[in-house]
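Trainee: Sequence and predicted model, in that order:
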Amino acid sequence: MITTAQPPLLRPRALTPGDLVVIASLSGPLHAEYVPGLERAVTVLEGLGFRVRLAPLLEAGRHHWWSAARPEEIAAELNGFLRDPEVRAIVAHDGGHGVLGYLDLIDVEVVVADSKPILGYSDISLLHLVLHARTGLVGFHADLATPGLGDAWQAAPAARKAELERFYSALLTGTEPIGALPGGPPWECWRPGRAEGPLIGGVLNRVVLAQATRYALPLERFDGAVLFWEEMGGHASHVWSYLQVLRHSGILDRIAGMVVGVPREIGGLDSSPTLPELVLDVLGDWDIPVLGNVEFGHAGPNLPMPVGIRAALDARGLSLSLLEPAVRPPRSS
């Protein structure tokens with residue numbers, strides 16, 4: 001019998017200069033053409049003051065079907081990093097289709113005993129949501145190493161890259177609330193209003209998949225939450241259907257607000273319905289604020305969205321602020 005008891009919020013320990021960060025294949029493999037991007041990601045992390053190690057499974061050409069390795073191999077490597085006291089953070093190399101295979105193999109006891117930041121989005125959304133459900137861990141829905149730090153960050157204007165570097169550093173090393181996320185021109189108010197609540201979300205299809213497992217977040221965890229989601233690929237009808245699943249499951253009538261990421265490669269949004277029309281159609285009479293086109297997920301350099309941390313949303317004011325620190329003081333303090 002799976003209990004729905006809610007574990008307390010578990011903030012990972014803050015990083016300090018010189019800490020070891022591991023880049024790991026938590027889902028998809030490393031293709032040879034992406035090695036330069038991985039090398040640039042290492043440079044970014046070193047520039048933030050950390051030591052960097054590449055996981056053994058992060059080897060160009062190594063794969064099992066569409067994943068970096070068999071599920072039990074990925075889980076064994078991940079558990080090794082979770083148990084290693086020298087490793088202070090884990091950054092996913094890329095997303096893909098692999099996390100579902102090892103959700104039941106993660107050593108959740110060591111997650112609680114020595115919590116560490118885990119960074120990534122896309123398929124890594126599943127990891128964040130399940131670990132949050134099982135342990136209360138704050139997951140960092142943030143940039144992946146290779147397509148994010150090593151690619152999207154490099155294409156960003158210098159000022160934006162510097163802004164993200166400062167923000168990520170403060171989020172991972174500071175123990176004070178960050179405050180307002182650095183917004184951008186794409187942000188849009190799709191329905192005005194204000195809300196405060198814990199951030200819960202990820203890639204929309206992975207949120208739906210997570211809720212279909214025995215490790216689903218209890219519905220009570222969505223009470224007053226700010227649901228954030230983004231989607232890549234597929235068709236507008238898929239997005240509509242996923243949102244309808246959340247409606248039928250009782251999630252949408254519990255949340256206090258919604259933040260939607262910039263869509264990418266979604267067919268059927270060229271004219272009608274637009275994404276705002278689609279979202280508001282599903283929400284119907286639920287009068288919750290909706291902030292759209294926020295830069296997290298697949299659309300470019302990511303604003304980090306720490307799962308479980310309270311946020312303040314002002315859709316009309318185009319503002320989203322983190323009200324709590326995402327990490328707790330390091331052990332040495």
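Mentor: In hand now; what should we look at? Numbering: from 1, shown residues only.
Trainee: how does the chain divide into domains?
Mentor: In the domain annotation for the chain, the residue ranges read 20-173, 179-322 (automatic domain parsing).
Trainee: for this structure, what are the low-confidence residue spans?
Mentor: Residues of the chain that meet the criterion pLDDT under 70 lie in 1-4, 332-333.
Trainee: And stretch 36-50, what's buried?
Mentor: Counting neighbours by 16 or more other C-beta atoms under 10 Å, one finds that the buried residues in stretch 36-50 are 37-38, 40-42, 44-45, 48, 50. From N, CA and C alone the C-beta is placed, and that goes for glycine too.
Trainee: Quick check: phi and psi on Val87?
Mentor: When read as degrees, to the nearest 10, the backbone of Val87 gives phi -80, psi 120.
Trainee: wait, it sits on Leu20?
Mentor: Yes. Under the criterion of C-beta atoms under 8 Å, Val87 lies in contact with Leu20, with a separation of 5.5 Å.
Trainee: Compare those two (neighbour count), which wins?
Mentor: Comparing Val87 with Leu20 by other C-beta atoms under 10 Å, the one with more neighbours is Val87, at 19 against 16.
Trainee: Skipping adjacent residues, who's closest to the more buried one in space?
Mentor: Phe81 (4.7 Å; C-beta to C-beta, 6 or more residues apart in numbering).
Trainee: can you tell me how far the one you found sits from Pro12?
Mentor: The span separating Phe81 from Pro12 equals 13 Å under the rule C-beta to C-beta, to the nearest Å.
Trainee: any shared contact partners between Val87 and Leu20?
Mentor: Shared contacts of Val87 and Leu20, defined by C-beta atoms under 8 Å, 6 or more residues apart in numbering, are found at Arg53.
Trainee: Dump the buried residues of stretch 36-50 into TSV; add distance to Ala68 and secondary structure as well.
Mentor: Formatted as TSV, these follow (distance: C-beta to C-beta, whole Å; DSSP: H, G, I helix; E, B strand; the rest coil):
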residue	distance to Ala68	secondary structure
Gly37	16	helix
Leu38	13	helix
Arg40	20	helix
Ala41	16	helix
Val42	17	helix
Val44	21	helix
Leu45	19	helix
Leu48	24	coil
Phe50	22	coil
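Trainee: Of those residues, which is the nearest to Tyr168?
Mentor: The nearest member of the buried residues of stretch 36-50 to Tyr168, counting by C-beta to C-beta, is Leu48 at 6.7 Å.
Trainee: and that closest one, what does it touch?
Mentor: Under the contact definition (C-beta under 8 Å, 6+ apart), the residues listed for Leu48 are 165, 168-169, 172.
Trainee: now do Arg51
Mentor: Under the criterion of C-beta under 8 Å, 6+ apart, the contact list for Arg51 reads 18-21.
Trainee: where do the strands sit along the chain?
Mentor: In the chain, the strands defined using DSSP state E lie at 20-24, 51-54, 87-92, 118-120, 139-141, 179-180, 188-191, 194-203, 226-230, 257-261, 290-294, 305-307, 310-314, 319-322.
Trainee: what's the closest non-adjacent residue to Leu252?
Mentor: Leaving aside its sequence neighbours, Leu252 sits nearest to Leu246 (C-beta to C-beta, 6+ apart; 5.2 Å).
Trainee: Now do the contacts for that neighbour.
Mentor: With the criterion set at C-beta under 8 Å, 6+ apart, Leu246 makes contact with 207-208, 227, 252.
Trainee: Going through those residues, which ones are buried?
Mentor: Applying the neighbour count, that is 16+ other C-beta under 10 Å, the buried entries in the contacts of Leu246 are 207-208, 227, 252.
Trainee: Give me the distance between the two termini of stretch 219-238.
Mentor: End-to-end distance for stretch 219-238, by C-alpha to C-alpha, to the nearest Å: 23 Å.
Trainee: Just the buried positions in that stretch, please.
Mentor: By neighbour count with 16+ other C-beta under 10 Å, stretch 219-238 contains the buried residues 221-222, 225-232, 234, 236, 238.
Trainee: got JSON lines for those residues, with distance to Tyr215 too?
Mentor: As requested, these are arranged in JSON lines below (distance: C-beta to C-beta, whole Å):
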{"residue": "Arg221", "distance to Tyr215": "12"}
{"residue": "Phe222", "distance to Tyr215": "15"}
{"residue": "Ala225", "distance to Tyr215": "17"}
{"residue": "Val226", "distance to Tyr215": "21"}
{"residue": "Leu227", "distance to Tyr215": "18"}
{"residue": "Phe228", "distance to Tyr215": "20"}
{"residue": "Trp229", "distance to Tyr215": "19"}
{"residue": "Glu230", "distance to Tyr215": "22"}
{"residue": "Glu231", "distance to Tyr215": "22"}
{"residue": "Met232", "distance to Tyr215": "23"}
{"residue": "Gly234", "distance to Tyr215": "24"}
{"residue": "Ala236", "distance to Tyr215": "29"}
{"residue": "His238", "distance to Tyr215": "23"}
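Trainee: Perfect, I'm done here.
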